[in-house]
Every structure is written in C-alpha cells, then in structure tokens.
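A.B. asks: dropping the sequence and predicted coords here.
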Amino acid sequence: MQLRGLRPWVAARGWPIAGEFTDKVTGDETRRRRDPPGLSQAMQLLEQHRARVLAIYSAERLVRSPLGILRIVARVEQMGCHVASL
C-alpha cells in the first residue's frame, strides 16, 4: 500500500528510484537495538550517493517519536541528502 502511493509521487518529481525497502519491525526506537534492515539499506544508498532523497510514506511510519525523525533527518542531511514525506 505505501509503496503504491509513493511510486507515482516520486515519479511526478522526476526522482529516480534507487531502491525500495520495507520493514516489519517496530518504529519505536526504545524497543529496537539498531536501525531496521530496510532503513539501513536506504541509508547505505544515501551514504554512497547512489540516492539523494529518502522518500517515506509518512514520518510516523518510519519512527514513533518526533526526536527519532529529527535524528534521521539530521543523519540524512549530514550526507548532503534530503528526506521527503508523502
């Protein structure tokens, strides 16, 4: 469902899709020890500059806390990339 919504939104902006990742783990950072596998893979693409935008369906689907989303946005921006939410 989320990918079906993101694909046309990303295409309308002319962004190439470098990868699509999903996770079936909690977005609550306090209940997990590290980034979920899909987020880790997406961050690797950004670090390698194979992608410039982390397009997400919604912030609350990525992490549960406002501080958590701010941390991810800061990490992405340190790489010279951006986070965009549908």
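C.D. replies: Right, received. Where do you want to start? Residues are numbered from 1 along each chain as shown.
A.B. asks: hey, let's count contacts and neighbours off CA atoms from now on
C.D. replies: OK.
A.B. asks: quick one, strands of the protein?
C.D. replies: For the chain, applying DSSP state E gives strands covering 53-56, 82-85.
A.B. asks: out of those strands, which is the most enclosed?
C.D. replies: strand 53-56 (a mean of 20; mean count of other C-alpha atoms under 10 Å).
A.B. asks: low-confidence ranges in the protein?
C.D. replies: Applying pLDDT under 70 to the chain picks out residues 25-33.
A.B. asks: please repeat the previous calculation with a cut-off of 90.
C.D. replies: 1-2, 22-37, 59-65, 68 (pLDDT under 90).
A.B. asks: top helix in it by residue count?
C.D. replies: helix 66-78 (DSSP state H).
A.B. asks: which neighbouring elements make contact with that helix?
C.D. replies: strand 82-85 (3 or more C-alpha pairs under 8 Å, 6 or more residues apart in numbering; DSSP states H and E).
A.B. asks: hmm, back to that, tell me which residues of the longest helix of the chain are tucked away?
C.D. replies: Applying a neighbour-count criterion of 16 or more other C-alpha atoms under 10 Å, the buried positions in helix 66-78 are 68-69, 72-73, 75-76.
A.B. asks: list the residues that contact the nearest residue to residue 45 once chain neighbours are set aside.
C.D. replies: Using C-alpha to C-alpha, 6 or more residues apart in numbering and skipping residues adjacent in sequence, the residue nearest residue 45 is residue 51, 5.6 Å away. Contact analysis of residue 51 by C-alpha atoms under 8 Å, 6 or more residues apart in numbering lists 17-18, 45, 81.
A.B. asks: over to residue 52?
C.D. replies: Applying C-alpha under 8 Å, 6+ apart, the residues near residue 52 are 46, 80-82.
A.B. asks: could you do residue 18 as well?
C.D. replies: 45, 50-51.
A.B. asks: look up how far residue 57 lies from it.
C.D. replies: With the distance defined as C-alpha to C-alpha, to the nearest Å, residue 18 ends up 16 Å from residue 57.
A.B. asks: how about residue 8?
C.D. replies: 12 Å.
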